[in-house]
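A.B. asks: sequence and predicted structure below; questions after.
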Amino acid sequence: MKFPKVYLASASPRRRELLTQIGVDFSVLNVAVDESVLAAETPSDYAKRIALAKAQAGWETLKTDYRPVIGADTAVVLPSQQILGKPENLQQAEAFLLQLSASRHQVLSAVAIVWQQQHWLSLQISDVQFKKLSSAEIDWYLATGEGKDKAGGYAVQGLAAMFIENIKGSYSGVMGLPLFETSQLLQQVNIVNEQ
C-alpha cells in the first residue's frame, strides 16, 4: 500500500512507532493545543475535537511543503463518562489506577487528517477490562513511572499489559493511534491527491 508523505502533529513516540509500522513516510511537527474538556462535551466529541485541533495546528505551521497533517488524541473514559487524561502527579495516577481496577473502561482514539481546505476524521472505541489491582501492584506500577505521560495513567504496550484481562476493539487505538482507521483516511487523501 502506498500512502502519501505526511506530517504527524504529535510528540508521542508511540504514534511515531505505529505510523512507521504501517510504512508511512512522515515528519514530526510539534504542536500545542488546549486539551481542556469543554462544558457538556461528550468524550467522543472531545477526542475528535482535539485530534482535529492538533492536525489544524500542524497545518497552520507549514510555510512550504504542504503535505497532509495527521493529528490524534486518545481519551480513557470511565463508565461514568469521566475522561481520564494524563495524570498531573503521582496522587492522580494512583487515583486513576484505583478507578480502573476491576472495571471495564473505554479508550477513544480519534485520528484526523488536514490537507488544503479539507479534513478527514475517524473515531475508534475500544473496551478494556482491568483485573483487580492490589495496593502492592499499584505501588509497584507507580514506582516505574511508566504511566506518567499516558492517558489514563497506563501504557497498554508496557508493563500495564499484565493488568489487562481483555480488549475488545483496536490494540493500536488503545496504544494511541488506530492503524486501520488511519490507513483508511490516508487512502481517502490519496484518492483526492490523485484527482
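C.D. replies: Yes, it's here. Numbering: from 1, shown residues only.
A.B. asks: tell me where the model's unsure across this protein.
C.D. replies: Residue ranges of the chain with pLDDT under 70: 1, 191-195.
A.B. asks: can we see that at 90?
C.D. replies: Scanning the chain with the threshold set as pLDDT under 90 gives 1-5, 11, 63-66, 116-117, 189-195.
A.B. asks: would you map the strands across it?
C.D. replies: Secondary structure of the chain (DSSP state E): strands at 6-8, 26-28, 69-77, 83-84, 104-115, 118-130, 164-168.
A.B. asks: for these, give me JSON lines that also has mean neighbour count and distance to residue 18.
C.D. replies: For glycine as for every other residue, the C-beta is placed from the backbone atoms N, C-alpha and C. Converted to JSON lines, the strands of the chain look like this (neighbours: other C-beta atoms under 10 Å; distance: least, C-beta to C-beta, whole Å):
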{"stretch": "strand 6-8", "mean neighbour count": "23", "distance to residue 18": "10"}
{"stretch": "strand 26-28", "mean neighbour count": "16", "distance to residue 18": "11"}
{"stretch": "strand 69-77", "mean neighbour count": "27", "distance to residue 18": "9"}
{"stretch": "strand 83-84", "mean neighbour count": "21", "distance to residue 18": "21"}
{"stretch": "strand 104-115", "mean neighbour count": "24", "distance to residue 18": "10"}
{"stretch": "strand 118-130", "mean neighbour count": "18", "distance to residue 18": "12"}
{"stretch": "strand 164-168", "mean neighbour count": "13", "distance to residue 18": "15"}
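A.B. asks: then stretch 29-41 to PDB, C-alphas only?
C.D. replies: The C-alpha coordinates for stretch 29-41 follow below in PDB (Å, rounded to 0.1, in the frame of the first residue of the first chain):
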ATOM      1  CA  LEU A  29       5.500  18.600  13.900                       C
ATOM      2  CA  ASN A  30       5.400  19.700  17.500                       C
ATOM      3  CA  VAL A  31       2.200  21.500  18.200                       C
ATOM      4  CA  ALA A  32       0.500  22.700  21.400                       C
ATOM      5  CA  VAL A  33      -3.300  22.800  21.800                       C
ATOM      6  CA  ASP A  34      -5.500  23.400  24.800                       C
ATOM      7  CA  GLU A  35      -6.800  19.900  25.700                       C
ATOM      8  CA  SER A  36      -9.300  21.100  28.300                       C
ATOM      9  CA  VAL A  37     -12.700  19.400  28.200                       C
ATOM     10  CA  LEU A  38     -15.500  21.900  27.200                       C
ATOM     11  CA  ALA A  39     -18.600  22.100  29.400                       C
ATOM     12  CA  ALA A  40     -21.200  19.400  28.400                       C
ATOM     13  CA  GLU A  41     -18.800  17.900  25.800                       C
END
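A.B. asks: perfect, I'm done here.
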